[in-house]
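Peer 1: what's the 3D shape of this:
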Amino acid sequence: MRFITKMSQSKSIKSALVSVYYKDNLEPIIKKLHSLNVKLYSTGGTLSFIEKLNIPVTAVDSVTTYPEIFGGRVKTLHPAIFGGILNRRDNDSDKKEKAQHNIPDIDLVIVDLYPFEETVAAKASEEDTIEKIDIGGISLIRAAAKNFNDVVIVSSRNDYSELLNLLESKNGATDLSDRKHFAAKAFATSSHYDSAIFNYFNQSENIPQFKQSIQQSQVLRYGENPHQKGTFYGNLDAMFTKLNGKELSYNNLLDVDAAVNLIADFEEPTFAILKHNNACGVASRSSIHQAYVDALAGDPVSAFGGILIANRPIDIATANEVNKLFCEVVIAPAYNDDALELLKSKPNRILLVQNKVALSKIAFRTLLNGVIEQDKDLRTETEADLKPATKLTPNASEIKDLLFANKLVKHTKSNTIVLAKNGQLLASGTGQTSRVDALRQAIAKAQSFGFDLNGAVMASDAFFPFPDCVEIAHNAGIRAVVQPGGSIKDKESIAYCDVNGMSMVMTGTRHFKH
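Peer 2: Here you go, the predicted model:
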C-alpha cells in the first residue's frame, strides 16, 4: 500500500531550468509555464529567446554569481544549480544545507544536447566535432533523472508535446509515475549520446566493446511467426518513401534488406525477384521491362508472393507485367505516373521508392549469450579478379556471365551453386548441406523450367573439395566455372576441366552466407 501511495505522489512544478539547443515548439511550453506562475531560469540563447517573448526569466549566472566561461563551455556546472536539482525535498539534512547555501529548488529541467551525431554526419573537422560533445547538458539530464522523486526531466524536443499535454491536463502537477517515465526517457537519451561519442572515437582506437544505440523504432505486427513479437529499430522513412500498401512485416523487412543489398551490386538495368532472402529470378537487360520479363521466367512459381526490386524507374510496360503477379513488395528508384497508378490498384501491395541512404558497413546478430559482429561482405569481383586456372579460358560472353553469377552467389544462402546464361539467373541451389546437392538442385530446377544449360556458367560460393561438381556440371552442358579456389584438391577439379574442354577461373574470395 505504501508503494502505491508513493507512485501516485503529486508535486507541483514551481520552478524550471530551460536551456536548449533547438528552440522548435518551445514557445507554447514557456507560455504555459508562465501562466502557471513557474519561475524560469535559463542561459545563453534560450535566455534571449524567453526574453523576446516578454516573459520574466532569471539568468543562471545570477544564481551562481559566476559568469559563463571558456566560450560557453562552462555555464551550469555549479553547486547552486545541481544542488537545486539533486536535493531531496523530504530529507531534513538536504533542507538545512539548501537553506544554508541559499540554493533554489528546480522542479523541471528542459535540456537537450548539442547535435553531435549531426556534426559527425556532416563530416565536420575533429575540432568542430569535439566542440559538439555536450558536458553541461548531459550532466543536467542525468542529475534530474536521478532525482525523479522530485524533478521532471525533458531531454528532447520530441517530448515537448507530451510535456505540454501533462502541464495542461494536470495544471502543472506531476505524479511520480510521470516523473519516472521522463527519467527513463532521459537515460535513454544520455546512453544513446554516449554510445555515439564512443563509436566516433573508436573508429581509430578499436577498443573491443560492442555499443549500438538506435532511438527510432517501429512495432511490427509480429515477428518471424505470429506467436513472436517483433520490432524494427531504425528510420524506415529515411530509407524508403512508401507510396502504397500495408506496413512492412518482419519477414518483408528481411527480404527487402536482401533485395537492397543484391541490387546494389548491379550497374546495368537489372530486375530481381526474391523469396526468403534468396533470389529466385534475376536478369540484366537493356531495358527494365525486359529485365523483369526474363527475371520472372527464371522461376515464375517461386515469384508468387515475392519481393521485387529494380534499379531503374518502373514504366507502364513493366508495371503491366508486374500487375499480373501477386507480390508483397515492389522497390524502385522511381515510378512513372501511369505505372504508379496501375500498381496502386492493389491496395495491399507495398510500393517503395528507395532513397539514397548510407548503409552501415558492419553487420551483427545476437548469438548464444552475446553478439557477433563482422564487416559486411562488400567485395564484388571484377574481370581483373578472375584468375584462369585451366588451359581453356572463358570467352568475353562467358566472362560477363561468370561475373553476373558470382554476384548472385554472394547474396545466396550457403551452400549454394548459381547457374546463369546471357545475363539471366537460370537456377540456384540454396542453403544445402552438400555442394553436390546444391548443384543437383539447381540443374533440376533449371531443366524443370525448360532452360537449355548448354553454354551456361556455374558459380560456387566456396571451393570444390572434390571434382564431382565440375563433372556433374559438364554432363549438364555447363562450360565455364567460377569459384574461389583453395581446396587441397583443386588440381583434380582443374584436371577434369582440362580433359573435358571446360574453363575455370578462381577469385581467391569465398562468399559464404549463413
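Peer 1: which residues in the stretch 201-350 of the chain form helices?
Peer 2: Using DSSP state H, counting those that start in this stretch, the helices found in the stretch 201-350 of the chain span residues 236-239, 250-263, 288-298, 316-322, 337-343.
Peer 1: What residues sit buried inside the last one?
Peer 2: Translated: helix 337-343. A339, L340, L342, L343 (16 or more other C-beta atoms under 10 Å). In short, each C-beta sits where N, CA and C put it, glycine included.
Peer 1: ok so, going back, most tightly packed of the helices of the stretch 201-350 of the chain?
Peer 2: Across these, averaging neighbours per residue (mean count of other C-beta atoms under 10 Å) puts helix 288-298 on top, at a mean of 22.
Peer 1: Tell me the helices and strands packed up against that one.
Peer 2: strand 270-275, strand 278-284, strand 306-310, helix 316-322, strand 424-429 (3 or more C-beta pairs under 8 Å, 6 or more residues apart in numbering; DSSP states H and E).
Peer 1: Which one of the ones you listed lies nearest to I350?
Peer 2: strand 306-310 (9.1 Å; C-beta to C-beta).
Peer 1: Please identify the pairing partners of the closest one and their relative orientation?
Peer 2: Sheet pairing for strand 306-310, assigned by DSSP bridges, gives strand 270-275 (antiparallel), strand 327-332 (parallel).
Peer 1: contacts for it?
Peer 2: The contact list for strand 306-310 (C-beta atoms under 8 Å, 6 or more residues apart in numbering) reads 252, 255-256, 258-260, 262-263, 269-275, 280, 288, 291-292, 318, 322, 325, 327-333, 354.
Peer 1: which residue is nearest the centroid of the protein?
Peer 2: Central residue of the chain (C-alpha atoms, centre = their mean): G234, 5.0 Å from the mean position.
Peer 1: Which pLDDT value goes with M7?
Peer 2: In this model, M7 is scored at 50, pLDDT.
Peer 1: hang on, I meant R2
Peer 2: According to the prediction, R2 has pLDDT 42.
Peer 1: Would you map the helices across the stretch 1-150 of the chain?
Peer 2: Counting by DSSP H, counting those that start in this stretch, the stretch 1-150 of the chain has helices at residues 2-7, 27-35, 44-52, 60-64, 79-86, 92-100, 116-121, 126-131, 136-146.
Peer 1: Which of the helices and strands packed on helix 288-298 sits closest to S213?
Peer 2: Smallest distance to S213 across these (C-beta to C-beta): 28.7 Å, for strand 306-310.
Peer 1: and the angle from that closest one to helix 288-298?
Peer 2: 150 degrees (axes from the mean of the first three to the mean of the last three C-alpha atoms, to 10 degrees).
Peer 1: I'd like the mean pLDDT over strand 306-310, please.
Peer 2: Strand 306-310 comes out at a mean pLDDT of 97.
Peer 1: remind me which residues of this structure are low pLDDT?
Peer 2: 1-8 (pLDDT under 70).
Peer 1: let's see 90
Peer 2: For the chain, the stretches with pLDDT under 90 are 1-9, 44, 61-62, 64-78, 136, 203-206, 208-209, 211, 215, 358.
Peer 1: looking at it, which residue lies furthest from center?
Peer 2: Q100 (52.2 Å).
Peer 1: What distance do you get for the closest residue to Y222 other than its chain neighbours to L253?
Peer 2: Nearest non-adjacent residue to Y222, counting by C-beta to C-beta, 6 or more residues apart in numbering: G230, 5.5 Å away. As judged by C-beta to C-beta, to the nearest Å, G230 and L253 stand 9 Å apart.
Peer 1: what do those two both touch?
Peer 2: Looking at what touches both G230 and L253 (by C-beta under 8 Å, 6+ apart), the common residues are L220.
Peer 1: Quick check: buried residues in stretch 359-366?
Peer 2: Those buried within stretch 359-366 under the rule 16+ other C-beta under 10 Å: there are none.
Peer 1: so of the helices of the stretch 1-150 of the chain, which one's packed in deepest?
Peer 2: By mean count of other C-beta under 10 Å, the helices of the stretch 1-150 of the chain have helix 136-146 as the most buried, with a mean of 22.
Peer 1: mind checking how far stretch 28-38 is from the chain centre?
Peer 2: Distance of stretch 28-38 from the chain centroid (C-alpha atoms, centre = their mean, to the nearest Å) equals 39 Å.
Peer 1: Check stretch 93-105 too.
Peer 2: On C-alpha atoms, centre = their mean, the centre of stretch 93-105 falls 48 Å from that of its chain.
Peer 1: before we move on, what about stretch 242-250?
Peer 2: That offset, for stretch 242-250, works out to 16 Å (C-alpha atoms, centre = their mean).
Peer 1: Can you name the residues in contact with it?
Peer 2: By C-beta under 8 Å, 6+ apart, stretch 242-250 touches 218, 220-224, 228, 230, 232, 236, 256, 329, 335, 340, 343-344, 347-353.
Peer 1: at 10 Å instead, please
Peer 2: 218-225, 228-232, 236, 240, 252, 254-256, 328-330, 332, 335, 340, 343-353 (C-beta atoms under 10 Å, 6 or more residues apart in numbering).
Peer 1: Report the buried members of those residues.
Peer 2: Applying 16+ other C-beta under 10 Å to these, the neighbour count classes 220, 230, 232, 236, 240, 252, 254-256, 328-330, 332, 335, 340, 343, 349-352 as buried.
Peer 1: picking up where we left off before, can you redo the helices and strands packed on helix 288-298 as a markdown table with distance to K491?
Peer 2: Formatted as a markdown table, those follow (distance: least, C-beta to C-beta, whole Å):
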| stretch | distance to K491 |
| --- | --- |
| strand 270-275 | 36 |
| strand 278-284 | 32 |
| strand 306-310 | 40 |
| helix 316-322 | 47 |
| strand 424-429 | 25 |
